[in-house]
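# predicted model and sequence follow; I will ask about them next.
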Amino acid sequence: MERFLVIGATGQLGRATIRKLKDRTAGIRALIRQPDSAARFQSLGIEPVLGDLTDPPSLARACAGITTVIATANVAIPTRRTDTFEAVERDGYRNLIQAAVAAGVRRFIYTSAPLSRREHLSPLLRFKRETEQALIASGLDHIIFRADVFMDTAFSMMGSAIPLRGSEGATVLRPFAFANRHFARIKDSIERKHVALIPGDGTSRHTFICVDDVAEFLASAALSGPSGIYAIGGPEPLTFLDIVRLYERILGVPLKVQHAPARVFRAAALLMRPFSPAGANLMALNYIGAMEDSLADPAAAGAFNVKLTSAETFLRGKSALAAALVA
């Protein structure tokens with residue numbers, strides 16, 4: 001019998017992946033770090049197992065009897081002060097790969113990030129690349145999805161709570177002081193102040209992808225699909241200025257654009273590094289996103305039979321949901 005282990009099960013992507021898997025198969029196990037999460041998974045027919053990427057014995061127990069590991073956990077916005085990039089993204093994933101090999105896991109699916117010429121500025125990107133190499137060297141059958149910028153996160157950080165409507169465990173709402181406080185200040189900028197916040201000059205192009213579509217890739221890959229490395233994203237390359245125009249059409253109001261110069265993010269990353277590595281990493285990611293394009297392989301969706309959601313469809317759906325909730 002096929003059995004599936006989801007890592008990062010309580011996060012936004014992990015929860016979405018479990019929903020997608022649950023509609024198609026049984027035998028799903030969720031790695032959780034807090035016992036109080038167990039009841040919610042049990043009510044869904046999901047087997048919870050207590051463990052942590054930083055605890056190798058717990059990973060051995062979690063991987064026992066598992067045929068496929070689906071890894072979604074990351075610490076871009078950590079929930080604990082001990083969730084450092086070294087402890088989780090580097091050592092934690094090495095622990096998980098070793099546990100999977102020892103348990104005889106057949107397939108390992110890893111959620112990574114796009115390549116960048118500037119990834120030396122971001123510990124998250126550096127360690128993701130190290131994990132990719134460790135997974136390739138492990139001998140495990142593997143699929144690595146280099147997912148482009150998430151609509152849910154990027155569009156909300158432009159100053160809007162609309163992209164978070166209906167989301168479970170939204171990443172930008174994690175209880176991490178820097179990210180949470182920042183979003184609290186800007187969350188109604190577009191809806192109430194009619195001001196959109198964008199990194200740099202807004203002309204870098206990205207194939208923005210929604211969390212649900214990434215989850216669809218992961219669930220599909222768990223059941224079938226070719227091994228390898230895939231750059232995945234939405235159906236069209238768009239700039240941040242394109243997203244501003246999209247907000248205008250959906251909300252029916254003109255928006256002012258407030259630019260944060262790319263050099264400000266670069267300077268902030270350097271200044272924050274000694275006392276807030278996670279905050280510095282977010283600044284570095286903003287800098288990279290403002291300076292570089294990130295474009296997905298259009299053939300990836302066909303390989304895993306994923307129907308991609310356009311940015312307009314995503315935002316219109318979330319906007320309609322927001323209106324219904326307000327009414």
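Perfect, I can see it now.
# isn't residue 83 right up against residue 75?
Yes: the pair residue 83 / residue 75 is scored as a contact, 4.5 Å apart, by CB atoms under 8 Å. Just so you know, the C-beta spots here come from the backbone N, C-alpha and C atoms, and that holds for glycine as well.
# how distant is stretch 83-100 from the center of its chain?
Centre-to-centre, stretch 83-100 and its host chain are 17 Å apart (CA atoms, centre = their mean, to the nearest Å).
# now the strands: where do they sit in the protein?
4-7, 28-32, 47-50, 68-71, 107-112, 141-147, 195-199, 205-206, 228-232, 238-239, 256-260 (DSSP state E).
# out of those strands, which one sits most buried?
strand 4-7 (a mean of 28; mean count of other CB atoms under 10 Å).
# now do it: distance to the chain's middle.
Taking CA atoms, centre = their mean, the mean C-alpha location of strand 4-7 is offset from the chain mean by 16 Å.
# strand partners (parallel or antiparallel) of that strand?
Paired neighbours of strand 4-7 in the sheet (DSSP bridges): strand 28-32 (parallel), strand 68-71 (parallel).
# which residues touch it?
With contact meaning CB atoms under 8 Å, 6 or more residues apart in numbering, strand 4-7 is reached by 14, 17-18, 21, 25, 27-31, 49, 53, 62-63, 66-73, 96, 222.
# ok, now stretch 94-104?
By CB under 8 Å, 6+ apart, the residues outside stretch 94-104 that reach it are 7, 53-56, 59-60, 62-66, 69, 71, 108, 131, 134-135, 138-140.
# tell me the contacts of residue 209?
Contacts for residue 209 (CB under 8 Å, 6+ apart) come out as 147-151, 232-234, 296, 308-309.
# now do 10 Å
145, 147-152, 154, 216-217, 232-235, 296, 301, 306, 308-309, 311, 314 (CB atoms under 10 Å, 6 or more residues apart in numbering).
# just the helices in the stretch 51-200 of the chain please.
56-63, 93-103, 123-138, 151-156, 177-186 (DSSP state H, counting those that start in this stretch).
# could you dump those helices to TSV with distance to residue 259, mean neighbour count and mean pLDDT?
Shown next, in TSV, are the helices of the stretch 51-200 of the chain (distance: least, CB to CB, whole Å; neighbours: other CB atoms under 10 Å; pLDDT from 0 to 100):
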stretch	distance to residue 259	mean neighbour count	mean pLDDT
helix 56-63	44	19	98
helix 93-103	36	20	98
helix 123-138	24	18	98
helix 151-156	15	24	96
helix 177-186	14	14	76
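# nearest to residue 208, of those helices?
Closest of the helices of the stretch 51-200 of the chain to residue 208 is helix 151-156, at 4.7 Å (criterion: CB to CB).
# which elements pack onto the closest one?
helix 12-22, helix 177-186, strand 195-199, helix 211-223, helix 240-251, helix 311-326 (3 or more CB pairs under 10 Å, 6 or more residues apart in numbering; DSSP states H and E).
# rank the ones you listed by pLDDT, which is bottom?
Lowest mean pLDDT within the helices and strands packed on helix 151-156: helix 177-186, at a mean of 76.
# what angle sits between that one and strand 195-199?
If you take axes from the mean of the first three to the mean of the last three CA atoms, to 10 degrees, helix 177-186 sits at 150 degrees to strand 195-199.
# tell me how far helix 177-186 lies from the chain's centre.
Taking mean C-alpha positions (CA atoms, centre = their mean), helix 177-186 and its chain are 18 Å apart.
# compute the inter-axis angle for that helix and strand 256-260.
Using the same axes, to 10 degrees, helix 177-186 lies at 160 degrees relative to strand 256-260.
# identify all contacting residues around helix 177-186.
Residues contacting helix 177-186 (CB under 10 Å, 6+ apart): 76-78, 81, 153, 156-161, 164, 170-174, 193, 195, 197, 258, 272, 276, 278-280, 282-283.
# right, I'll leave it there.
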